[in-house]
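[1] What follows is a protein structure lacking sequence information:
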């Protein structure tokens, strides 16, 4: 079996008496989109936070390329190749779209310690940043202030910044949230293309997108994974239908 | 709305025309006032990097201003009394040379900023404001009790320090020196805010979790900004002490920290010329209103209130509008 890019091994997290995440083991293999779905409050965000390093699991370990990153900071994990998008856009709103993308490109070089040269015209950052913006379809908006972007465009910018990092794994926290049909379709196309560069762990509510994109799906309910499998396996899994999909059918 | 570039050029012209007029009209006091404004502006340009670009509300920048002042005071005091500053572990002599004094001021202020920043950047918000204030107050009380250097009475320096090729006692020559330093630092700052470091620091103010997520060290970016900021304010302190030929604990006072912040708020937070505009207005009010009433700070307070309530971008924001994003 190919070595997974990302692996969580029995991670658990509780807040007081609430168990947000219980013994979660999942892996992300090269070239795949692995979706994590589950009803509200299932612990998806807690899971993402632990993988990215903003929350420390009570138990269990997280491996990136076989290296234990459980005790590493957000920044160290990012440098090790993990790129994330935020559920609620975390962008420099006063800055232009290009400045935000250049920030990502700057992160990719790992060296912000240049004080007197201009960042934006520097081809070391700009080529990477503009390529990423072009891929998500935001190049025409590069000189707009980020605060002026629509909700959907901000989601696209989140993805563009992740792209500039040339990561070995993407963690995407509800990238489709709040997008219209058109925006959702566009982003689906982008993610479909991106998976060949780095696998994507996709937390998403939009079931159409999940079923269209995912190679595998894990279903999280009350902090536990109740099933992992291909789209068809998950669709036909009675436990999943009862716990989650059944709600909407 | 006037373009910010033209507005800045107008301010620059003011910094040149007024002293030139005063020089030919034989009004040395006006030149001294302009020198005071230029030095205050320099101190605030330093704070503006931390406050405006980095979002670090330091209420303790007087610590660096005073540090620069006391470096000048102590070095010059020993030079004029022909005594060494220290003999152990090695001999350190006093000096009357401005370039040496500036270098030492910059270095020691940077070290102080490193220590204060290292400890206070673990906190944020109100706690950061309070801890920076506390450090400046520590320096204030230390200087009061340091009787060797005048304690509460401060230290007088009889002759202004020297700069190669200039007669620094001539007001216009000293002004040109201060203006040149201000312009060099402003020029450097204009580049720094557009540099990779400036971009990352500015983004860390707006969205630290984003900067963290792209793998950049937010805390270190802020610490470096704080150190540069403190070093510039320290240099201003050394010039201020030389302007007055006097150093006292008031250079460490919290009122001074507040005034430096007020310059920036009046002029425009994060704007290149914000500190310059603020310092010019402050010195003008201090001079003209101060002549009318001892309570001129009331009018300064009113002005500040108006600006905070009605014009968020300070004077530059009101005149030039929102900062243009450079793309």
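    On my side now, so go ahead. Bear in mind that the values here come from a model prediction, so they are computed numbers and not experimental data. Numbering: from 1, shown residues only, chains lettered A, B, ... in the order given.
[2] going forward, measure contacts between C-alpha atoms and count neighbours the same way
    Will do.
[3] Determine which residue lies closest to the centroid of chain A.
    residue A:172 (1.6 Å; CA atoms, centre = their mean).
[4] Pretty sure that residue sits in a helix.
    No: applying DSSP: H, G, I helix; E, B strand; the rest coil, one finds residue A:172 to be strand, outside a helix.
[5] give me the beta-bridge partners of it?
    Note on residue A:172: beta-bridge partners by DSSP bridges are residue A:85, residue A:202.
[6] what about it, distance to residue A:28?
    Applying CA to CA, to the nearest Å, the value for residue A:172 to residue A:28 is 13 Å.
[7] Between the two, which contacts overlap?
    Listed as contacting both residue A:172 and residue A:28 by CA atoms under 8 Å, 6 or more residues apart in numbering or on different chains are A:200-201.
[8] So which bits of chain B are right by chain A?
    B:188, B:191-192, B:194-200, B:203, B:206-207, B:209-217, B:325-327 (CA under 8 Å from any CA of the partner chain).
[9] make it 6 Å
    By the rule CA under 6 Å from any CA of the partner chain, the part of chain B lying against chain A is B:191-192, B:194-197, B:203, B:206-207, B:210, B:212-216, B:327.
[10] Buried subset of those residues, written for PyMOL?
    Buried residues among those (16 or more other CA atoms under 10 Å in any protein chain shown), as a PyMOL selection:
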select buried, chain B and resi 191+192+194+195+196+197+203+206+207+210+212+213+214+215+216
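[11] ok, back up a step: what sits against the residue nearest to the centre of chain A?
    A:84-85, A:202 (CA atoms under 6 Å, 6 or more residues apart in numbering or on different chains).
[12] Out of those, flag the one nearest to residue B:15.
    Using CA to CA, residue A:85 is the member of the contacts of residue A:172 that lies nearest residue B:15, at 48.0 Å.
[13] Need the pLDDT of the closest one.
    Model confidence at residue A:85, expressed as pLDDT, equals 93.
[14] Next: residue B:324.
    Reported pLDDT for residue B:324: 61.
[15] filter the contacts of residue A:172 to the buried ones?
    By 16+ other CA under 10 Å, the contacts of residue A:172 give A:84-85, A:202 as buried.
[16] Between those residues, which sits nearest residue A:112?
    Of the buried ones among the contacts of residue A:172, the one sitting nearest to residue A:112 (CA to CA) turns out to be residue A:84, at 19.8 Å.
[17] nearest residue to the closest one other than its sequence neighbours?
    Excluding the flanking residues, the one nearest residue A:84 by CA to CA, 6 or more residues apart in numbering or on different chains is residue A:171, at 4.5 Å.
[18] One more: residue B:158?
    residue B:245 (6.7 Å).
[19] Below-threshold pLDDT in the stretch 201-327 of chain B: ranges please.
    Scanning the stretch 201-327 of chain B for pLDDT under 70 picks out B:324-327.
[20] and the longest helix for chain B?
    Longest helix of chain B, by residue count under DSSP state H: helix B:218-244.
[21] now that one, how far from the chain's geometric center?
    7 Å (CA atoms, centre = their mean, to the nearest Å).
[22] packing partners for that helix?
    On a contact count with 3 or more CA pairs under 6 Å, 6 or more residues apart in numbering or on different chains; DSSP states H and E, helix B:218-244 meets helix B:28-48, helix B:62-81, helix B:98-120.
[23] who does the second one touch, helix- and strand-wise?
    Secondary-structure packing of helix B:62-81 (3+ CA pairs under 6 Å, 6+ apart): helix B:98-120, helix B:218-244.
[24] In terms of residue numbering, what are the domains of chain A?
    For chain A, automatic domain parsing gives the domain ranges A:1-81+A:168-249, A:89-166.
[25] Now do the contacts for residue B:59.
    B:129, B:132-133, B:257.
[26] what sits up against stretch A:180-192?
    Contacts for stretch A:180-192 (CA under 6 Å, 6+ apart): residue A:176.
[27] Show me what the mean pLDDT comes to for that stretch.
    Stretch A:180-192 comes out at a mean pLDDT of 86.
[28] Would you mark the buried spots in that stretch?
    Neighbour counts over stretch A:180-192 (16+ other CA under 10 Å) mark A:183-184, A:186-188, A:190-192 as buried.
[29] Go through those and say which is closest to chain B.
    Distance to chain B, by CA to the nearest CA, is smallest for residue A:191 among the buried residues of stretch A:180-192, at 19.2 Å.
[30] quick one: stretch B:90-102 to chain centroid distance?
    From the chain centre to the centre of stretch B:90-102 is a distance of 22 Å (CA atoms, centre = their mean).
[31] Next: stretch B:55-72.
    The answer for stretch B:55-72 is 8 Å, by CA atoms, centre = their mean.
[32] Any buried residues in that stretch, and which?
    For stretch B:55-72, burial by neighbour count (16+ other CA under 10 Å) applies to B:55-72.
[33] same thing with stretch B:253-272?
    In stretch B:253-272, counting by 16+ other CA under 10 Å, buried: B:253-254, B:256-272.
[34] List the ones among those residues that fall in helices.
    Taking DSSP H as the definition of helices, these contribute B:254, B:256-267.
[35] Put together JSON lines for those residues, with distance to residue B:285 on each row.
    Shown next, in JSON lines, are those (distance: CA to CA, whole Å):
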{"residue": "B:254", "distance to residue B:285": "20"}
{"residue": "B:256", "distance to residue B:285": "16"}
{"residue": "B:257", "distance to residue B:285": "18"}
{"residue": "B:258", "distance to residue B:285": "16"}
{"residue": "B:259", "distance to residue B:285": "13"}
{"residue": "B:260", "distance to residue B:285": "15"}
{"residue": "B:261", "distance to residue B:285": "16"}
{"residue": "B:262", "distance to residue B:285": "13"}
{"residue": "B:263", "distance to residue B:285": "12"}
{"residue": "B:264", "distance to residue B:285": "15"}
{"residue": "B:265", "distance to residue B:285": "15"}
{"residue": "B:266", "distance to residue B:285": "12"}
{"residue": "B:267", "distance to residue B:285": "14"}
